[in-house]
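Undergrad: when you get a sec, could you give me coordinates for this:
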Amino acid sequence: MDGVLEKAAVQRAQSALREHSMPGEIKVLSDSARTAAEAAAALGIEVGQIASSIVFKLPDGRPLLVITSGRHRVDTTLVAALLGVEALGRADADYVKESSGYSVGGVAPVGWINSPATILIDEALNDYDIVWAAAGHPHAVFPTTFAELLRAAQATPAKVGD
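TA: From the prediction side, this is the model:
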């Protein structure tokens, strides 16, 4: 891993895992895990086992975190309707960093510097015994379960895509 800021982000993710009694250990991959496909290939698992943290901007400017299975994309129209808002705003890299403290490609679902306004977790992740999530850096991931993520992130289960 490179840079002091990235190390601090991974340490924040590790602290959040401990704080939430999540036993998974952070694994540093030799290859990037910026995308679900890259992470799955590096870990030798199904792409659906990747719990991707996707950040959106709600109409009031607060962040929305969608923890989604890597096997599909977030259906923004479906999620907006679920939340009763007209549309979800795109979150650029600066907004993601300011909201979460993590850089795009390494956003952990826990340990944010500013808690998201709303957190949804893809019900599809419950199809797997073990899922893997980013741990604060594009090369850092950790194993967990749907139930652990649901509890630790205080997320609401939802159908977020097809």
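Undergrad: what residue lies at the spatial centre of the chain?
TA: Central residue of the chain (Cα atoms, centre = their mean): residue 53, 2.2 Å from the mean position.
Undergrad: am I right that that one sits in a strand?
TA: Yes. Assigned with DSSP: H, G, I helix; E, B strand; the rest coil, residue 53 falls within a strand.
Undergrad: for it, name its beta-bridge partners.
TA: residue 67 (DSSP bridges).
Undergrad: residue 36 touches residue 73, doesn't it?
TA: No. Using Cβ atoms under 8 Å, residue 36 is not in contact with residue 73, being 9.8 Å away. Where you see a C-beta, it was placed from the backbone N, CA and C, and this is true even at glycine.
Undergrad: hang on, the earlier thing: list the contacts of the residue nearest to the centre of the chain.
TA: Contacts here follow Cβ atoms under 8 Å, 6 or more residues apart in numbering; on that basis residue 53 touches 65, 66, 67, 100, 102, 107, 108, 109, 133, 134.
Undergrad: between those, which is nearest residue 10?
TA: Using Cβ to Cβ, residue 108 comes nearest to residue 10 of these, at 8.5 Å.
Undergrad: show residues contacting the helix or strand bottoming out on mean pLDDT in the chain.
TA: Confidence across the helices and strands of the chain bottoms out at helix 4-19, with a mean of 86, counting by mean pLDDT, DSSP states H and E. Outside helix 4-19, the residues that touch it by Cβ under 8 Å, 6+ apart are 1, 22-24, 26, 101-103, 106, 108, 110-111, 113, 134-137, 140, 142, 152.
Undergrad: thanks a lot, catch you later.
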